[in-house]
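Asks: here you go, sequence then predicted model.
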Amino acid sequence: MSLEKEFTFGTCEYERTSPARTELTGDTSILNIIVPFEEALKMNLAVDECVRKLNRYKKSTKTGKRAALNLTIHFNLGRIAINEGRLRG
């Protein structure tokens with residue numbers, strides 16, 4: 001039985017976005033996400049866990065070169081999830 005994370009390293013709530021979600025358009029070039037301090041601590045731990053896992057990959061392999069961190073923003077839930085991702089290749 002593996003004790004490694006299989007989907008998400010953690011989630012946190014965010015307070016709001018700027019511009020507001022209702023004001024987002026295809027022309028929006030910057031999105032600010034306001035995360036309260038306690039939630040930012042959760043996000044920091046999740047990012048750190050994911051980066052430590054990514055660091056275990058051998059960088060000379062295809063898997064190691066394509067390793068990435070994926071931040072998923074759930075607008076309808078007001079949450080951010082941290083997952084392992086892959087670069088296109």
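Replies: That came through, no problem. This one's a predicted model, so the numbers in the text were calculated from it and none came from an experiment.
Asks: so which residues of this structure form helices?
Replies: For the chain, the helices defined by DSSP state H occupy 37-55, 62-66.
Asks: CA atoms of the shortest one as CSV?
Replies: Listed next in CSV are the C-alpha coordinates belonging to helix 62-66 (Å, rounded to 0.1, in the frame of the first residue of the first chain):
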residue,chain,number,x,y,z
LYS,A,62,11.4,12.5,-19.9
THR,A,63,9.2,12.3,-16.7
GLY,A,64,11.6,14.4,-14.8
LYS,A,65,11.9,17.1,-17.5
ARG,A,66,8.1,17.3,-17.8
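Asks: what mean pLDDT would you report for it?
Replies: For helix 62-66, mean pLDDT is 95.
Asks: buried set for that helix?
Replies: For helix 62-66, the buried set under the neighbour-count rule, 16 or more other Cβ atoms under 10 Å, is empty. Using the backbone N, CA and C atoms, a C-beta is placed for each residue, glycine as well.
Asks: coming back round to it: can you say which of the helices of the chain is nearest to residue 76?
Replies: helix 37-55 (17.2 Å; Cβ to Cβ).
Asks: run through the bridge partners of the residue most central in space within the chain.
Replies: Closest residue to the average C-alpha location of the chain: residue 71 at 2.1 Å, with Cα atoms, centre = their mean. With DSSP bridges as the criterion, residue 71 is bridged to residue 82.
Asks: that one against residue 82, yeah?
Replies: Yes - counting by Cβ atoms under 8 Å, residue 82 is a contact partner of residue 71 at 6.2 Å.
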